[in-house]
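> Whatever this is, show me its structure:
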Amino acid sequence: MGVGAAVARWSPDSRVGRLAAGVAALTAGLAIASSEVLRPIFPTVDDVACDTGASHAVNAVDLAKFAAIGVAIVMLARLVRGRLSKTGTRVAFVAAIASVVTGVANGVEHCAHLEALGLVYALGLMVSVLATIGYGILLARSGEIPRWIGWVVAAGTLAFLVGAEQGWGWPVDAIAWIAVGAGLLVRALQAARDAPS
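Below is the predicted model:
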């Protein structure tokens, strides 16, 4: 069975679905933390110039962060597919696409010196953040997976929005995604352990 066929067969009770969503959310949290931790390590790096190996690394990890968030949102949406409102599913995919576009626009703006993509980055980031908050709320209200998962996604993303400039937003967002990932992984492992052999 191909990967696409396996994804299409996921159900809300699928151990594979919980495992994949958990790994994706955990990866998103770790990517957020890695992206932000790298910046003080290279305090002299101008990531806008993208002219050193360190600045390329910072931009690559930044892209990975936005891509990982997008993948985590899609995996959560796939986990509850068919049991979430059409609005919730659409908001999830808007958030995921906007997150990936944000990461690509940011890196290309910096490394290809295409200043026009700064606007694409800013708009993508705003759409991604607002849509992710909305999706977290819709996910929590759906009751299809533990409600705390949706609320933690929404709260972590809201913390990023409010506290990004002060420096406390990204750790809260990273911890939120790590908690969601860990929670889903624990549930997947418990289900595997309890499954009849």
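> what sits against the residue most central in space within the chain?
In the chain, the C-alpha nearest the mean C-alpha coordinate belongs to residue 69, at 1.5 Å (C-alpha atoms, centre = their mean). Residues touching residue 69, when contacts are defined by C-beta atoms under 8 Å, 6 or more residues apart in numbering, comprise 28, 31-32, 96, 99, 128, 132, 177. (Glycine included, C-beta is placed from N, CA and C.)
> Next one: it relative to residue 30, how far apart?
For residue 69, the distance to residue 30 (C-beta to C-beta, to the nearest Å) stands at 11 Å.
> Residue 23 now?
Using C-beta to C-beta, one gets 10 Å for the distance from residue 23 to residue 30.
> Residue 119 too?
In this structure, residue 119 lies at 29 Å from residue 30, with C-beta to C-beta as the measure.
> And these two? Which one has more around it.
A count of neighbours by other C-beta atoms under 10 Å puts residue 30 above the other of residue 119 and residue 30, at 17 against 11.
> excluding its backbone neighbours, what's nearest the more buried one?
Using C-beta to C-beta, 6 or more residues apart in numbering and skipping the chain neighbours, the partner closest in space to residue 30 is residue 178 (6.8 Å).
> burial count for the one you found?
Using other C-beta under 10 Å, the number of residues around residue 178 comes to 20.
> Show the pLDDT at it.
Residue 178 is assigned 96 on the pLDDT scale.
> so who does it touch?
Applying C-beta under 8 Å, 6+ apart, we find residue 178 in contact with 25-26, 29-30, 33.
> Where strands are concerned, which of these count?
When the contacts of residue 178 are checked against strands using DSSP state E, none is located there.
> Export those to JSON lines and append columns for pLDDT.
Shown next, in JSON lines, are those (pLDDT from 0 to 100):
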{"residue": "25", "pLDDT": "94"}
{"residue": "26", "pLDDT": "95"}
{"residue": "29", "pLDDT": "94"}
{"residue": "30", "pLDDT": "94"}
{"residue": "33", "pLDDT": "92"}
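> residue boundaries of the helices in the protein?
In order along the chain, the chain carries the following helices (DSSP state H): 3-8, 15-41, 53-79, 86-112, 117-142, 147-163, 169-194.
> looking at the ones you listed, which is buried most?
Ranked by mean neighbour count, these are led by helix 53-79 with a mean of 22 (mean count of other C-beta atoms under 10 Å).
> State the mean pLDDT of that one.
Taken as a whole, helix 53-79 has an average pLDDT of 88.
> Report the inter-axis angle for it versus helix 86-112.
Helix 53-79 runs at 170 degrees relative to helix 86-112, counting by axes from the mean of the first three to the mean of the last three C-alpha atoms, to 10 degrees.
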